[in-house]
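S.K.: could you look at this predicted model? Sequence included:
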Amino acid sequence: MSSSLNKLKALTSRLEDKLEQKGKVKSALPLEKEAVKNSEEKAVEKTVTQVPKAQTISSDSVRNKNIDRVKELYEKLKIFEKSPDFDTIFIYKAMNLSGIGLKEDDFGRVREGKYIQIIAITYEPDKNGKKKAKNISLGYFGKAETLDNSLKNEIIEFVLCWRYEKAFQNVEHYKDLIAKIETPSHALF
């Protein structure tokens, strides 16, 4: 821990030195060069502020299409039987599959002899008040050997689309938190 603290202090010191040097270089520039630099920076800032708007529009449409697909698969896979309110499926902390691989090396591969289930993961306090992971089956689809390939793909798609929406929600959460803090004018980001 002491080593990490020392590394952090060294990094902070280097950043402060660079900021100080940047301030000295900026003040040493002749006024003409400063004016050109300011106009270039304003042009870049204008371009940069326009880019997120375009990205927001496209990410919103992607998100809307994704949530529509999640709803469609929610109905088709009969997830509503275990979780009747669609919006509550996003309360879960994570979602996984049993019986089908989702890692790079075994993606989409069914595991022979296993049962296929969509598993939602939540954290609930135990009798001592300590949070423990709890698995909840949202869908049971039988043995791996009997699973139809198109059904397998829809199950995988549901989990991945759910994770994608969850990622959007997490990004939104962090944007809200960042908006609540006051960013100093000398911040690096």
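M.R.: Okay, I see it. Numbering: from 1, shown residues only.

S.K.: so what touches the longest strand anywhere in the chain?
M.R.: Ranked by number of residues, the top strand in the chain under DSSP state E is strand 131-143. Applying Cβ atoms under 8 Å, 6 or more residues apart in numbering, the set of residues contacting strand 131-143 from outside is 77-79, 82-83, 89, 92, 95, 113-126, 147, 151, 155. For the C-beta atoms, the positions are set from N, CA and C on the backbone; glycine is no exception.

S.K.: can you list the weak-confidence ranges in the chain?
M.R.: 1-15, 18-19, 22-57, 183-189 (pLDDT under 70).

S.K.: in it, which spans are helices?
M.R.: In the chain, the helices defined using DSSP state H lie at 2-28, 31-76, 149-180.

S.K.: just checking, residue 120 touches residue 95?
M.R.: Yes - taking Cβ atoms under 8 Å as the definition, residue 120 is a contact partner of residue 95 at 5.3 Å.

S.K.: of the two, who's got more company?
M.R.: The neighbour count for residue 120 versus residue 95, taken as other Cβ atoms under 10 Å, is higher for residue 120 (23 against 19).

S.K.: please tell me how far that one sits from residue 154.
M.R.: In this view, residue 120 and residue 154 are 17 Å apart by Cβ to Cβ, to the nearest Å.

S.K.: repeat that for residue 144.
M.R.: 15 Å.

S.K.: enumerate every residue touching the closest residue to residue 94 other than its chain neighbours.
M.R.: Using Cβ to Cβ, 6 or more residues apart in numbering and skipping the chain neighbours, the partner closest in space to residue 94 is residue 121 (4.2 Å). Contacts for residue 121 (Cβ under 8 Å, 6+ apart) come out as 92, 93, 94, 95, 96, 133, 134, 135, 136.
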